[in-house]
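[1] Let's see this in three dimensions:
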Amino acid sequence: MKLITFEKNNVQYLGLVKSNKREVVDLNKLGVIEKTMLEFIKSTTGEKLKELSQKAEGVVGEDIERVTLCAPIPVPEQDIICLGINYMDHAEESAKFHNEKFEGERPYAVYFSKRVNEAVPHGGLIESHKEIVDSLDYEVELAVVIGRDAKNVAKEDAYQYVFGYTILNDVSARNLQTRHKQFYFGKSLDGFTPMGPWIVTLDEFNHPLSLKVQARVNGELRQNSSTDKLIFDIPHVIHELSQGMTLKAGTIISMGTPSGVGMGFEPPKFLKSGDVVECEVEGIGVLKNIVL
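    Model prediction:
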């Protein structure tokens, strides 16, 4: 099931994309009283999702081309939890860019957070912040949406706490990242979190995941990998983090990016105004944005 947040007449609504992939059904028409995706996630069970999906097929929806998509969770309640250097090939290209020795192993996950005042929707603009950024970069990532509060979760139970998945472009200012020797500022500027185009619920996937992950810039394939190459997978991450913190329902965890980012080329291929960035994850779709 694909769930969206969409806008009409400056009002946001929750929607379900029907199986024909052409129609959107307003969840209010199916008896849903929650007004935001976060409220919906917190109050919804797997059985309720199945019931809504069946009901939606009997309802005439709106043409998906005639609604304005928002990011599925436009304003996350907390910073997004991100995985750094979670594909070995990206670890190698990152070390090369920063003139660091590549050790060839990652015994522990690298976690950082990304501030999001408002996520950028599919079709939205990526702000370039030219006054402070000279090395704007893209990172296609699978993002996990937690469905219920998770504390002390065993690895084998991890997927029971997943609501679904979306696509995230972890836009990064490499000069700020390098200057400050940490991720937070260089990845948290306004307009640096394109997300969407929707959340696809857990039941649509086989686990463990093995999904193609790709990024294109102006039609050129730059990143091309698969989630089965993650160093630390979803069960590991949920288990590890939940030992010391409660992962609240609605938490977004972005699982890291493979090689092929702009800084990995010689010379680097950083983004410029007018560039079209397409991030694709198999089973979810394509998140397309333009650099302002």
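[2] From here on, just use CA atoms for contacts and neighbour counts.
    Fine.
[3] Quick one: residues contacting the closest residue to residue 164 other than its chain neighbours.
    Distances taken as Cα to Cα, 6 or more residues apart in numbering put residue 201 closest to residue 164, at 4.0 Å, once the chain neighbours are dropped. Counting by Cα atoms under 8 Å, 6 or more residues apart in numbering, residue 201 makes contact with 1-3, 163-165.
[4] ok, now residue 120?
    Shown in contact with residue 120 (Cα under 8 Å, 6+ apart): 70-71, 74, 126, 191-195.
[5] Check those residues against residue 172 and report the nearest one.
    Checking these against residue 172 with Cα to Cα, the nearest one is residue 192 at 7.0 Å.
[6] shouldn't the closest one be in contact with residue 126?
    Yes: look at residue 192 against residue 126 with Cα atoms under 8 Å: they come within range, at 6.3 Å.
[7] and those two? which has more neighbours close in?
    residue 192 (30 against 25; other Cα atoms under 10 Å).
[8] Can you tell me the SS state at the more buried one?
    State at residue 192, reduced to three classes by DSSP: H, G, I helix; E, B strand; the rest coil: coil.
[9] Excluding chain neighbours, what is closest to it?
    Distance criterion Cα to Cα, 6+ apart; nearest residue to residue 192, sequence neighbours excluded, is residue 171 at 4.9 Å.
[10] That neighbour and residue 100, how far apart?
    22 Å (Cα to Cα, to the nearest Å).
[11] now the helices: where do they sit in the stretch 51-200 of the chain?
    Using DSSP state H, counting those that start in this stretch, the helices of the stretch 51-200 of the chain run over 88-97, 174-180, 184-187.
[12] Have a look at the protein and report the helix or strand with the lowest mean pLDDT.
    helix 88-97 (a mean of 74; mean pLDDT, DSSP states H and E).
[13] how close does residue 20 get to residue 161?
    According to Cα to Cα, residue 20 and residue 161 sit 28 Å apart.
[14] Give me the domain ranges for the chain.
    Domain ranges of the chain: 2-69, 80-291, per automatic domain parsing.
[15] what's the distance between the first one and the middle of its chain?
    A distance of 19 Å separates the centroid of the chain from that of domain 2-69, by Cα atoms, centre = their mean, to the nearest Å.
[16] ends of it, how far apart?
    Note: domain 2-69 ends 13 Å apart using Cα to Cα.
[17] I'd guessed residue 275 sits against residue 217; true?
    Yes: counting by Cα under 8 Å, residue 217 is a contact partner of residue 275 at 6.7 Å.
[18] between the two, who's got more neighbours?
    Legend: neighbour count by other Cα under 10 Å for residue 275 and residue 217, higher for residue 217 (21 against 16).
[19] how about the more buried one, what does it touch?
    Counted by Cα under 8 Å, 6+ apart, residue 217 has contacts 275-278.
[20] Only the buried subset of the residues you listed, as a PyMOL command please.
    For the buried members of the contacts of residue 217, the matching PyMOL selection, counting by 16 or more other Cα atoms under 10 Å, is:
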select buried, resi 275+276+277+278
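[21] Out of the contacts of residue 217, flag the one nearest to residue 153.
    The closest of the contacts of residue 217, once distances to residue 153 are taken by Cα to Cα, is residue 278, at 34.1 Å.
[22] which residues does residue 215 bridge with?
    residue 223, residue 279 (DSSP bridges).
[23] Share the number of residues neighbouring it, please.
    29.
[24] picking that back up, flag the least confident of the contacts of residue 201.
    Looking at the contacts of residue 201 by pLDDT, the weakest one is residue 1, with 94.
[25] In contact with the spatially most central residue of the chain, which residues?
    Taking Cα atoms, centre = their mean, the centroid of the chain lies closest to residue 168, which sits 2.7 Å from it. By Cα under 8 Å, 6+ apart, residue 168 lies in contact with 140-143, 193-196, 254, 279, 287.
[26] and what of residue 185?
    Taking Cα under 8 Å, 6+ apart as the definition, contacts of residue 185 comprise 176-177.
[27] quick one: pLDDT of it?
    With respect to pLDDT, residue 185 has a value of 97.
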